[in-house]
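S.K.: Show me the folded form of this:
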Amino acid sequence: MTRGTLGVVAGIVVLGLFVLAGLTQRMRKAEAEAPVEVATVSTDVMLPASATGAAPSAAPAPASPPIAAGAPARKSQLVVAFQLDRKLTQGQYLGDMWVSPPTFQFAQPGDRYVVRARLQTLDASGEPIEVSGDWATRDPGMLAITRLQNGEVQLDIGKPGHTELVVRAAGESKVLQVEARRTVDAMEVAFRQ
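M.R.: Sure, this is the predicted structure:
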């Protein structure tokens with residue numbers, strides 16, 4: 001391919017990402033406005049963290065108040081935003097772009113995959129608000145987490161496999177499924193939240 005063709009293809013990819021980001025935001029707003037199902041929670045039995053699949057932590061998480069019968073269950077407002085590869089956005093003068101789709105999947109050349117991520121909560125109108133929180137992984141040998149400034153982290157996947165990424169912030173927690181596979185010349189990773 002010629003440089004001009006590559007530029008056109010990169011432009012189409014970036015335009016597609018913009019459309020995807022807009023659709024994702026519209027879907028979140030529609031979900032926020034949709035009726036919420038009523039959940040009943042029994043507080044009679046408390047399971048240890050190992051039985052519920054929660055990540056081990058040094059300090060116990062603060063207990064949430066029980067949900068009253070008939071009260072609507074609140075959908076998690078915690079999302080993980082990923083920074084798009086700068087090679088996709090730099091030539092288009094787009095600056096740094098962050099996205100938080102339900103599945104974030106990309107491939108990078110080489111035997112490692114590195115991406116920046118940060119936590120956000122969604123306000124009543126569905127707009128993201130940056131928050132600082134805790135990050136943990138069930139397999140540190142596969143997924144290394146490095147804290148950066150401004151609440152961002154760098155996620156470094158060094159081998160293929162499956163693990164979970166556990167995030168906590170603003171009184172909520174979320175578990176992301178991380179799947180990595182190595183191809184002949186790249187590492188392909190999918191984060192599902």
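S.K.: The lowest-mean-pLDDT helix or strand in the chain: what's the following helix or strand?
M.R.: Using mean pLDDT, DSSP states H and E, the weakest-scoring helix or strand in the chain turns out to be helix 49-52, at a mean of 40. Per DSSP states H and E, the first helix or strand lying C-terminal to helix 49-52 is strand 78-83.
S.K.: What helices and strands are in contact with that next one?
M.R.: On a contact count with 3 or more CB pairs under 8 Å, 6 or more residues apart in numbering; DSSP states H and E, strand 78-83 meets strand 98-99, strand 113-122, strand 128-131, strand 161-169, strand 172-182. Yep, even glycine has a C-beta here, placed from its N, CA and C like the rest.
S.K.: ok, it: who's next to it in the sheet?
M.R.: strand 98-99 (antiparallel), strand 113-122 (antiparallel) (DSSP bridges).
S.K.: can you pull the pLDDT of the closest residue to residue 128 other than its chain neighbours?
M.R.: In this structure, residue 128 finds its nearest non-sequential neighbour in residue 120, 3.9 Å apart by CB to CB, 6 or more residues apart in numbering. Residue 120 is assigned a pLDDT of 93 by the prediction.
S.K.: any low-confidence regions in this protein?
M.R.: Low-confidence segments of the chain, defined by pLDDT under 70: 1-76, 89-94.
S.K.: Just the buried residues of stretch 169-176, please?
M.R.: The neighbour-count check on stretch 169-176 (16 or more other CB atoms under 10 Å) flags 169, 172-176 as buried.
S.K.: Oh, that last question was meant for stretch 159-168, not what I typed.
M.R.: Those would be 160, 163, 165-168, for stretch 159-168 by 16+ other CB under 10 Å.
S.K.: Next one: residue 134 from residue 77, what distance?
M.R.: Distance, residue 134 to residue 77, by CB to CB, to the nearest Å: 17 Å.
S.K.: Comparing these two, which residue is more hemmed in?
M.R.: residue 77 (19 against 15; other CB atoms under 10 Å).
S.K.: can I assume that one is in contact with residue 172?
M.R.: Yes: using CB atoms under 8 Å, residue 77 is in contact with residue 172, at 6.9 Å.
S.K.: Can you pull the residues that touch both of these two?
M.R.: Contact with both residue 77 and residue 172 is made by residues residue 121, according to CB atoms under 8 Å, 6 or more residues apart in numbering.
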